[in-house]
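Trainee: Structure for this input, please:
(chains A and B)
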2 protein chains.
Amino acid sequence: MADALRVGIAGLGTVGSSVARLLGEKSAELTRQCGRSLVVTAVSARDRTRDRGVDLSGAAWFENPVEMARKGEIDVFVELIGGDEGAPREAVKTALEAGKHVVTANKALLSKHGVSLAEVAEKKGVLLNYEAAVAGGIPVIKTMREALAGNTVNRVFGIMNGTCNYILTRMESEGISFEACLADAQRLGYAEADPTFDIEGNDTAHKLSILTSLAFGCKISAADIYLEGISNITQADIRAASALGYRIKLLGVAQRTESGIEQRVHPTMVPTASVIAQVHGVTNAVAIETDILGELLLSGPGAGGNATASAVIGDIADIAKSRPGFQHGPVFGRPAKELSPYRKAQMRSHAGGYFIRLTVHDRIGVFAAIAKRMADNDISLESIVQHADGALAKDQKTVVLVTAETTEAAVRKAVDGVTKDGHLTDKAQVIRIERAG
Amino acid sequence: MADALRVGIAGLGTVGSSVARLLGEKSAELTRQCGRSLVVTAVSARDRTRDRGVDLSGAAWFENPVEMARKGEIDVFVELIGGDEGAPREAVKTALEAGKHVVTANKALLSKHGVSLAEVAEKKGVLLNYEAAVAGGIPVIKTMREALAGNTVNRVFGIMNGTCNYILTRMESEGISFEACLADAQRLGYAEADPTFDIEGNDTAHKLSILTSLAFGCKISAADIYLEGISNITQADIRAASALGYRIKLLGVAQRTESGIEQRVHPTMVPTASVIAQVHGVTNAVAIETDILGELLLSGPGAGGNATASAVIGDIADIAKSRPGFQHGPVFGRPAKELSPYRKAQMRSHAGGYFIRLTVHDRIGVFAAIAKRMADNDISLESIVQHADGALAKDQKTVVLVTAETTEAAVRKAVDGVTKDGHLTDKAQVIRIERAG
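Mentor: Purely as a prediction, here's the structure:
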């Protein structure tokens, strides 16, 4: 049997501890699968004394992950520290330059520095694996990077933040407010004390930016993503969506258009009968549409120590099965130097149209004024319905419009017009409708 | 750049022609992804003159695939002939023994001879890839063989036959009979002239047997699969299922039990709100439940020239990225010689219980007699409901029972008892209910 694969783990939080523990517990099976044993020979974390439920006494201890990357007697550097600058970035770069393979779950780091790190990995002929960085335990990176070879991707979209999906699921199933759901999610550990990063869509954007590069062979550009979170979603939206046969999900969407690549993260209405609409709670799902294969959907646990550890271990096992002399596939599907520049497309039309919810004064002529603003902007309406809403004052009404396919600019102009007309008693709510199988 | 990978394709039907054509059309992108070009240098088919929409004049032509396997100047032998004996088996074996990698879509061959072929591949240090053999373009083999390294699988189940799912979907959505749907499926090319192999579950069983080996590290045993097709499913079943919140799907299920591995293919009721219940038409889906990750579901096109070709090309690309000196992972997840014997478990209990539909004489005491037979066999009932059914004669009634978790043996004994009591006017219908996320 070949020599053991020596693994160094930097970061011993929930995921790092799970990886270390599972490499021990699953040692026999992993050895059978990989043809060699996988041994943790080095670890790096701040607090050496904390009980992590796993015996690490046999591993060399490094206070500094960069030191471990440089001097650790390891074949694989596993980065589970998190954060896009400082020690984790320096450590990953150092490990790659030292000819060590790297496995990381760090979406922020890859989103910001993925391409330059890929260049180092490819120059050194080592692997940079990052399955756990996107949608936790779902093998979407492996699928896009390997299984879909030769396919041209047209659209990739998904539910990639468990916190948001948990909140939206409970808002719908229990009829409670965004604020109440968020508080519960925080109590249960599904949301951070400061939840901004999750609920405003930044976390989804990081993950989407990585998928975009894999899907379209372009450089990573998270800064160019249109971003809208779920904090403005109300029970009125959820109820109106349900009445129309839709469910609201926070989606990250990247698609090829004539003018470039469109990347966006926002609350989206998907048909209740679609597969992605059945993805509940903290579960994640990613759909990929390609020219050869058609539509593929993967769903599963998107977060949590064990699910993330599963992806990390899969990445380590792939390295264990490779041997010196193996020419690895490129980190982002094609060589980093050949990734095309990211060409940003403006958000344009939506095949599914738009949902617009307006709270208006209850007076004659309001419907006509709204309909005229839509017509003036060439927006074709599929429906315009007045909804009863007990939560509103007596002299107010809810009007819900569903448009046919139209442009983002037209909708914004029309809604601005309706607002200027003075009929609204509250800010207009606009939610995009997404075609989904 | 490394030398081109020389590909030989045996079988130029729909899939084979698609693979040959796509390797040409996608040549630039595949070369970027693999770091070398992929060139079809040999082909084998019976009819040399047929127009297949692709120029194969540069490839050596072999009448006999075994000859191509032996003498073709190829690195990869792609077997797309089909059939579990004769030329395809001999050709695959010959190619592996000659130190050539093999890619195949042949589920029947693997189901019957996969383990012995894997032994040859592993001895020779070449790859035997077969993503297209199970669920077409869905990367379930790659996921189970690579991404889930270290995970212990508890259950794997799925919709793996597009013909059956197409028929069941149309029966539900349009309220038409099995016979009418089948005739339509045949007219549209979704079903063969002799549809037995699909509709009686044999095709699903072949695919399931391969997943079972990957999931549980055991030898392949298709002969030990409990088999029941969809030809007995009626509109009465579909309607009763719908009323109870279920949808009927033909599932292949393999699960670990205390007494061994249970493998079964049969019509199954899954909750309408589950993800797998939204998998419509010819689409396939596979769910995998493991100890570390939890539940993963993959859905996508399960058949068709392009979807199958996509999986074949992914397999070829994986080979192109590997190089001499690369020690491959084992064909069925662990070395063929270490696969454990298949230990068959009897079908036992179902967490979701059973659906039983009885057509009975409309007379006093029938409910009581049925309920007594259930109680005598320790079957706890969740509901017993009389359904109106206009299709029945005036003096007949439909009675639908849903049981709590119980054993297969108890249900069979109870139904035998009810039948002997003389209350039934038609054969009892028993459908298993499956827990699904």
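Trainee: Quick check: the gap between residue A:157 and chain B.
Mentor: 15 Å (Cβ to the nearest Cβ, to the nearest Å). Where you see a C-beta, it was placed from the backbone N, CA and C, and this is true even at glycine.
Trainee: same question but for residue A:19, I mixed them up
Mentor: For residue A:19 relative to chain B (Cβ to the nearest Cβ), the value is 10 Å.
Trainee: Show me what secondary structure element comes after the host helix or strand of that residue.
Mentor: Here residue A:19, judged by DSSP states H and E, is contained in helix A:14-25. Next helix or strand after helix A:14-25 toward the C-terminus (DSSP H and E): helix A:27-34.
Trainee: can that next one be found next to chain B?
Mentor: Yes. Helix A:27-34 is in contact with chain B by Cβ under 8 Å from any Cβ of the partner chain, via A:29, A:30, A:32, A:33, A:34.
Trainee: so who does residue A:408 touch?
Mentor: Residue A:408 sits next to A:346, A:347, A:348, A:349, A:350 when contact means Cβ atoms under 8 Å, 6 or more residues apart in numbering or on different chains.
Trainee: Of these, which is the nearest to chain B?
Mentor: residue A:350 (21.8 Å; Cβ to the nearest Cβ).
Trainee: Please determine how far the closest residue to the closest one other than its chain neighbours is located from chain B.
Mentor: Spatial nearest neighbour of residue A:350, chain neighbours left out: residue A:432 (5.3 Å); criterion: Cβ to Cβ, 6 or more residues apart in numbering or on different chains. The spacing between residue A:432 and chain B, counted by Cβ to the nearest Cβ, is 21 Å.
Trainee: Next up, the contacts around residue A:432.
Mentor: A:266, A:267, A:268, A:269, A:350, A:352, A:354, A:355.
Trainee: per-residue confidence at it?
Mentor: Residue A:432 carries a pLDDT score of 95 in this model.
Trainee: Convert whichever helix or strand it is part of to PDB, retaining C-alpha atoms only.
Mentor: Taking DSSP H and E as the criterion, residue A:432 maps to strand A:429-433. The C-alpha coordinates for strand A:429-433 follow below in PDB (Å, rounded to 0.1, in the frame of the first residue of the first chain):
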ATOM      1  CA  GLN A 429     -43.000  45.700  -3.200                       C
ATOM      2  CA  VAL A 430     -41.400  44.200  -6.400                       C
ATOM      3  CA  ILE A 431     -40.400  40.600  -6.500                       C
ATOM      4  CA  ARG A 432     -39.100  38.800  -9.600                       C
ATOM      5  CA  ILE A 433     -40.700  35.600 -10.800                       C
END
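Trainee: Tell me the strands beside that strand, with direction?
Mentor: strand A:260-271 (parallel), strand A:354-361 (antiparallel) (DSSP bridges).
Trainee: quick check: mean pLDDT across the shortest one?
Mentor: Average pLDDT, strand A:354-361: 94.
Trainee: hmm, who's touching it?
Mentor: A:236-237, A:240-241, A:244, A:246, A:269, A:366, A:370, A:392, A:395-403, A:406, A:411, A:415, A:418, A:423-426, A:428-433.
Trainee: Just the buried ones from these, in PyMOL syntax?
Mentor: Buried residues within the contacts of strand A:354-361, by 16 or more other Cβ atoms under 10 Å in any protein chain shown, are selected in PyMOL with:
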select buried, chain A and resi 236+237+240+241+244+246+269+366+370+392+397+398+399+400+401+402+403+406+411+415+418+423+424+428+429+430+431+432+433
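Trainee: Just the helices from chain A, written as ranges.
Mentor: A:14-25, A:27-34, A:65-71, A:87-97, A:107-124, A:140-142, A:162-174, A:178-187, A:196-199, A:202-216, A:235-243, A:305-321, A:366-376, A:408-420 (DSSP state H).
Trainee: buried set for the first one?
Mentor: When burial is assessed from 16+ other Cβ under 10 Å, helix A:14-25 yields the following buried residues: A:14, A:15, A:16, A:17, A:18, A:19, A:20, A:21, A:22, A:23.
Trainee: And chain A, what are its domain boundaries?
Mentor: A:5-134+A:305-330, A:142-301, A:354-433 (automatic domain parsing).
Trainee: Report how many residues lie close to the closest residue in space to residue A:45 that isn't next to it in sequence.
Mentor: Excluding the flanking residues, the one nearest residue A:45 by Cβ to Cβ, 6+ apart is residue A:12, at 4.0 Å. Residue A:12: 23 surrounding residues under other Cβ atoms under 10 Å in any protein chain shown.
Trainee: Residue A:12 and residue B:305, how far apart?
Mentor: For residue A:12, the distance to residue B:305 equals 50 Å [Cβ to Cβ, to the nearest Å].
Trainee: one step back: ok, of the contacts of residue A:432, which one's closest to residue A:156?
Mentor: For the contacts of residue A:432, the residue nearest residue A:156 by Cβ to Cβ is residue A:268; the value is 13.9 Å.
Trainee: What count of nearby residues applies to that closest one?
Mentor: With other Cβ under 10 Å as criterion, residue A:268 counts 26.
Trainee: Ok, the one 5 residues further on next?
Mentor: Each residue near residue A:273 was counted by other Cβ under 10 Å, and the total is 16.
Trainee: Hmm, it is touching residue B:278, no?
Mentor: Yes. At 6.4 Å, residue A:273 counts as touching residue B:278 under the criterion of Cβ atoms under 8 Å.
Trainee: start to end distance for stretch A:320-330?
Mentor: In stretch A:320-330, first residue to last residue: 17 Å (Cα to Cα, to the nearest Å).
Trainee: wait, isn't residue A:54 in contact with residue A:19?
Mentor: No. Residue A:54 is beyond contact range of residue A:19, at 9.3 Å (criterion: Cβ under 8 Å).
Trainee: What pLDDT is listed against residue A:346?
Mentor: Value for residue A:346, per-residue pLDDT: 78.
Trainee: residues contacting it?
Mentor: If you count contacts by Cβ under 8 Å, 6+ apart, then residue A:346 has A:259, A:262, A:408 around it.
Trainee: same question, residue A:330
Mentor: By Cβ under 8 Å, 6+ apart, the contact set of residue A:330 is A:118, A:122, A:336, B:32, B:33, B:35.
Trainee: Now the fifth one. Nearest residue, chain neighbours left out?
Mentor: By the measure of Cβ to Cβ, 6+ apart, the closest residue to residue B:33 outside its immediate chain neighbours is residue A:149, 5.4 Å from it.
Trainee: now the fourth one
Mentor: Ranked by Cβ to Cβ, 6+ apart and with sequence neighbours excluded, the top spatial neighbour of residue B:32 is residue A:334, at 4.3 Å.
Trainee: I'd like the distance between residue A:49 and residue A:78.
Mentor: 22 Å.
Trainee: Among these two, which residue is more densely surrounded?
Mentor: For residue A:49 versus residue A:78, the count of surrounding residues by other Cβ under 10 Å is larger for residue A:78: 33 against 4.
Trainee: That one reaches residue A:104, doesn't it?
Mentor: Yes. Using Cβ under 8 Å, residue A:78 is in contact with residue A:104, at 7.4 Å.
Trainee: what comes up buried for the helix or strand of chain A with the lowest mean pLDDT?
Mentor: Within chain A, no helix or strand scores below strand A:381-387, which has a mean of 87 by mean pLDDT, DSSP states H and E. For strand A:381-387, a neighbour-count test (16+ other Cβ under 10 Å) marks A:381, A:384 as buried.
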